[in-house]
Every structure is written in C-alpha cells, then in structure tokens.
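1. structure here, sequence nowhere to be found:
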C-alpha cells in the first residue's frame, strides 16, 4: 500500500453572501475532490486542539500525525530547521515578517508578497544595522524570514501574528510581557532602517507596497519530535514551498523535496508538486503534498482568488494524483487523503480552529459512505464523524488492516 496526503492550506471557509450563502468549497468546481468524497469515507477533522492558536504549524503537524500538545514548541523553530539554522539550547527563533505600515497602521502582513530578491537585500540591511552578538536575522522567502535570539531573549513574550491584525494600529498590538521591550524596540528601529531604503523607494515608484518594517512573532525553542517512520513504520516525503512545512518534515525525518516553480502563492507549480510526489512513491511509502495558495487568498479576502486556488489545486494536484492511481500499471494499492489544515474565512482574513472536511479514498474501499461532494456541509454526514486531526494517519493505516 502507498499513501498520499494532499493538503489545501486554508481551503475551509464560512458561507458567503455573494455565493448565495455557500462556502467556496461548495461553490467551486472540484470534480476530483468530489470523486474522492463520493467513493471514499469522510468526516470532519479538528486539527487545532482546544486552547491552541489556529496556525498552519499546529494544524499541519496534526494532519501529519503528531500530538501538538506534546511536541509543539513554536512556529519559528520549524522554519529554522527548513532553512538549515541550528538552534542551541537557549536560542529562541522568531518568525520575522517584512510588513507594510502606513501611519502606524498595519496595511499588509506580506509587503505585497515581496519578491525574495528584494527581501534578501532588506533583511541583510536589518541584520547589519540591528544584529549583534545576541540577535541575528536570516533571510527566507518572500516576506517570511527569521530572527534568532540567544540567552532565552523573548521566549515568554506575547506576540501577535501580523495577518491577525491587518488594518489595526501597530502600537496597540506590539509584543507584551517579558522582554517585550527588546522586541518592540527592534520593530520600531527596523522602520527607521527600512523606510527610506532604495529597495522601498523603487517599490513605491513602481506602485508596490514598501517593506518598511519587520514584525516578530511565532517564537519558540527547538522541539524534540520523533521521526515519522518510528511512529508509523512508513518512509515518507513532503513537498511544499513553505519553510514551515519543510521544517516539520525535517524534524519528522521525511525526505523534503523541492519543486521548481513552487512559490507558496497563486502562481505555484501545482502540477509539478503532483509529479514529484508520484515520483517519490517509487522509494517512499507515503508522499505528503502541501499547497499554500488557498490560504494566501483567504488572507487577501478575495473570493475570486480563493476559488481559483481551490480549483487549480483540484485540477492540477488532486486530479493528477487520482489519474495516476486509477491508471497505475504496477498493481499497487493506494490510499489518498484530501483535507484543508484549517479554515481561512474570506470574512475574517485569518485562520479559525473550526473542524475541516476530509476524505479518504482507497483502491481497497468497498463500501464508501453516502457523502456526494467535498465541502464543509456535506462532511457533517460522513461516516467518520468528527475526529482529532492527529488520528487521521492511523485511520488511513487501519484501512489496510
């Protein structure tokens, strides 16, 4: 048996007035996900445990089979692993967004999804101006970067993700608690470093959003996570454009596969992700494919963009995988899981912890349930009802027992 996990980040949503009170999953054209739901078994997954923040880190760790109450230490350490940054015992990693601020209002959590080449120049400047023996900044991709603080600096501060406070005054959402003064000072000083930088001058002249400040959040220490193969007896690969997901894969001992043209945005190489996943199954038992685009569209608050992202995911990822499975000439059995990690409702522009629909299709399933389509409403009637997300991998394995 080979296993394939397909994650459409942020696909879940609430009913939308402009769509006749349907969700985007209900309204979008998703024939391949609908096929998997109709010919498989379905339910709702609670990927964010009670009391935990509904971040992609927690939700995706759950889907991949980890108890986040036990293993999760923070978002940034996972991204550090993907970037090859080794954290010492007292090192605290922070996500460092490049954001756009206008008159103290947080206008854009991504600085217009700044290009990586522009971002690297700005992060290098930040590190030269603000870095020291205890603080270092590391460039990542687009707006997503890291800061590492030594000697436990900022570990216990309360920090808010910038995508949760779009349109809000930064001064009322600055870090609070222990060491918050140090973190707030870095944010304020970054504005002075970046506001007149030539990269931002060029961006403004080109009609783009300036990346005129950093924002620190998602901090934590290096986690201790057992390898996926030790827990489940399966060798695996993981495919994503997002450092966070790659970092989870790194700690889980999965083979992290980079796909050319994978951007983490609406223009990502959907088909390439499916093709590389299929190829990886030649020497792995499970392939995990993560697509960020629906989540980015949800943060943008764009119905059209999110619809496009979901339909592209269905056609070029789910469809290609399904076609391969149904036409495989190796007489191999396959099990496919399709699911969002969390909702990113258009009306909120941020994540929620609501349960999300999931469907498991397998070439050995003889008696599918009665669900006909893949969406939040239909899955209420799924035979699996509502499950904790970190149990879904076991549900997939149990089909082969």
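-> Perfect, thanks for sending it. The structure presented is a predicted model; accordingly, all values stated were derived computationally and were not measured.

2. residue contacts, the residue nearest to the spatial centre of the chain?
-> Against the mean C-alpha coordinate of the chain, by CA atoms, centre = their mean, the closest residue is residue 56 at 4.4 Å. Shown in contact with residue 56 (CB atoms under 8 Å, 6 or more residues apart in numbering): 9-10, 242, 244-245, 295, 341-342, 351. In short, each C-beta sits where N, CA and C put it, glycine included.

3. sheet partners, orientation included, of the longest strand anywhere in the chain?
-> The single longest strand within the chain, with elements called by DSSP state E, is strand 92-102. Counting by DSSP bridges, the strands paired with strand 92-102 are strand 105-108 (antiparallel), strand 144-149 (antiparallel), strand 213-220 (antiparallel).

4. quick check: mean pLDDT of the longest one?
-> When you say that, I think you mean strand 213-220. The average pLDDT within strand 213-220 is 97.

5. go on, stretch 352-365?
-> 95.

6. which parts of that stretch are buried?
-> For stretch 352-365, the neighbour count (16 or more other CB atoms under 10 Å) marks 352-363 as buried.

7. now stretch 1-21
-> 1-13, 15-16, 19.

8. for stretch 108-115, same thing?
-> 108-114.

9. helix, strand, or coil at residue 139?
-> Classification of residue 139 using DSSP: H, G, I helix; E, B strand; the rest coil returns strand.

10. pLDDT wise, what is it at?
-> 96.

11. so who does residue 87 touch?
-> Contacts of residue 87 (CB under 8 Å, 6+ apart): 77, 80, 93, 148, 221-222.

12. among those residues, who's most crowded?
-> Neighbour counts for these, by other CB atoms under 10 Å, peak at residue 93, which reaches 30 neighbours.

13. leaving aside the residues adjacent along the chain, what's closest to that one?
-> Leaving aside its chain neighbours, residue 93 sits nearest to residue 76 (3.8 Å; criterion: CB to CB, 6 or more residues apart in numbering).

14. now that neighbour: how far from residue 138?
-> For residue 76, the distance to residue 138 equals 10 Å [CB to CB, to the nearest Å].

15. compare those two and say which is more crowded by neighbours.
-> residue 76 (30 against 19).

16. any idea how far residue 48 is from that one?
-> Taken as CB to CB, the span from residue 76 to residue 48 is 18 Å.

17. in the stretch 151-300 of the chain, which spans are helices?
-> 180-194, 198-205, 228-232, 243-251, 270-280, 293-300 (DSSP state H, counting those that start in this stretch).

18. in JSON lines: these, plus distance to residue 63.
-> Formatted as JSON lines, the helices of the stretch 151-300 of the chain follow (distance: least, CB to CB, whole Å):
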{"stretch": "helix 180-194", "distance to residue 63": "31"}
{"stretch": "helix 198-205", "distance to residue 63": "36"}
{"stretch": "helix 228-232", "distance to residue 63": "12"}
{"stretch": "helix 243-251", "distance to residue 63": "10"}
{"stretch": "helix 270-280", "distance to residue 63": "15"}
{"stretch": "helix 293-300", "distance to residue 63": "14"}
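
19. ok so, going back, list residues touching both of residue 76 and residue 138?
-> Joint contacts of residue 76 and residue 138 (CB under 8 Å, 6+ apart) are residue 146.

20. domain parsing of this structure, as residue ranges.
-> If you go by the TED database, the domain ranges for the chain are 2-72+224-399, 82-221.

21. go through the ones you listed and pick out the most buried.
-> Most buried of the domains of the chain by mean neighbour count (mean count of other CB atoms under 10 Å) is domain 2-72+224-399; its value is a mean of 21.

22. the longest strand of the chain to helix 180-194, inter-axis angle?
-> Interaxial angle, strand 92-102 versus helix 180-194 (axes from the mean of the first three to the mean of the last three CA atoms, to 10 degrees): 50 degrees.

23. you'd agree residue 360 is up against residue 368?
-> No. Look at residue 360 against residue 368 with CB atoms under 8 Å: they stay out of range, at 9.7 Å.

24. quick one: average confidence on stretch 12-28?
-> 97.

25. list the contacts for residue 119?
-> Here residue 119 is in contact with 98, 111, 139-143, 145, 211 (criterion: CB under 8 Å, 6+ apart).

26. relative to residue 152, how far out is it?
-> 28 Å.

27. for the stretch 1-150 of the chain, what spans make up the strands?
-> In the stretch 1-150 of the chain, the strands defined using DSSP state E, counting those that start in this stretch lie at 2-8, 41-46, 92-102, 105-108, 135-141, 144-149.

28. and the stretch 251-400 of the chain, by the same measure?
-> Under the criterion DSSP E, counting those that start in this stretch, the stretch 251-400 of the chain contains strands at 255-257, 286-291, 334-339, 356-362, 386-388.
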